[in-house]
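Undergrad: here's a sequence, model it:
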Amino acid sequence: MNNMMMKKKTTQGRKKIEIKKIDNLSNRQVTFSKRRVGLFKKASELCVLTGAEVAIIVHSLGKRVFAFGHPNIDAVINRYTTGSASSSSSSSSSSSVADPKIPLGAHEIQQHNRHYAKVSKELEVERKRKELIEGSKLENGGSFWWDDPIEHMGLEELQQYKASLEELKKKLLMRADDLIWL
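TA: I've put the predicted structure just below:
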């Protein structure tokens, strides 16, 4: 036993954490992503093991909506709101597609129009944002602010630079999180 030295554990591993809001935004976003994936995985396992119909809707910090449903989210929500019988026998797909033979009602048309208007506004905002980015890049001689050398910056400029990089990192993490679930 003396020949075998026990190595000291270098990682924290799994441990119980206090359930409270995480103050650090970056840590909160990472935790959200990991726990959302875990939640959806557990829901999927529940469906497979028991045949349960499950719907989960989660809003992210970045105002994105993530949903899981089995057999599909629309069927589960419809069953919940109307109290109608399960539709799992008629639809086993995980995505819902409108039947082209059934005409849309006024309510559905309004929903589609609102969604179209919202997406159109988002597209216009992104186009304007692209123009601003391209314009600022041209003003800086074809480079971005983070490409500027830092050797000649003063303390205040370096602090602002650091804060800007942290903000950029936060936005990149949120955007990456959003893209993972598109």
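
Undergrad: could you pull out the helices for this protein?
TA: Assigned by DSSP state H, the helices in the chain fall at 25-50, 73-82, 106-139, 155-180.

Undergrad: closest to Lys15 out of the ones you listed?
TA: helix 25-50 (14.0 Å; CB to CB). Glycine gets a C-beta too; all of them are placed from N, C-alpha and C.

Undergrad: report all helices and strands that that closest one contacts.
TA: strand 54-59, strand 65-70, helix 155-180 (3 or more CB pairs under 8 Å, 6 or more residues apart in numbering; DSSP states H and E).

Undergrad: next, the angle from the first one to strand 65-70.
TA: The one in question is strand 54-59. Here the directions of strand 54-59 and strand 65-70 differ by 180 degrees (axes from the mean of the first three to the mean of the last three CA atoms, to 10 degrees).

Undergrad: where does the chain have its least confident helix or strand?
TA: The helix or strand of the chain with the poorest confidence is helix 106-139; it has a mean of 78 (mean pLDDT, DSSP states H and E).

Undergrad: for that one, buried residues please.
TA: By neighbour count with 16 or more other CB atoms under 10 Å, helix 106-139 contains no buried residues.

Undergrad: give me the distance from it to the chain's centre.
TA: Helix 106-139 sits 19 Å away from the centroid of its parent chain (CA atoms, centre = their mean, to the nearest Å).

Undergrad: report all helices and strands that it contacts.
TA: Using 3+ CB pairs under 8 Å, 6+ apart as the contact test, no helix or strand touches helix 106-139.

Undergrad: what's the spacing between Glu166 and Ile77?
TA: Counting by CB to CB, to the nearest Å, the gap from Glu166 to Ile77 is 39 Å.

Undergrad: same check on Ile109?
TA: Separation of Ile109 from Ile77 (CB to CB) stands at 19 Å.

Undergrad: more neighbours: Glu166 and Ile77, which one.
TA: Just comparing Glu166 and Ile77: by other CB atoms under 10 Å the higher neighbour count belongs to Ile77, 15 against 12.

Undergrad: my guess is the more buried one meets Ala55, correct?
TA: Yes - counting by CB atoms under 8 Å, Ala55 is a contact partner of Ile77 at 5.5 Å.

Undergrad: now do the shared contacts for the two.
TA: Common contacts of Ile77 and Ala55 (CB atoms under 8 Å, 6 or more residues apart in numbering): Gly69.

Undergrad: great, nothing more from me.
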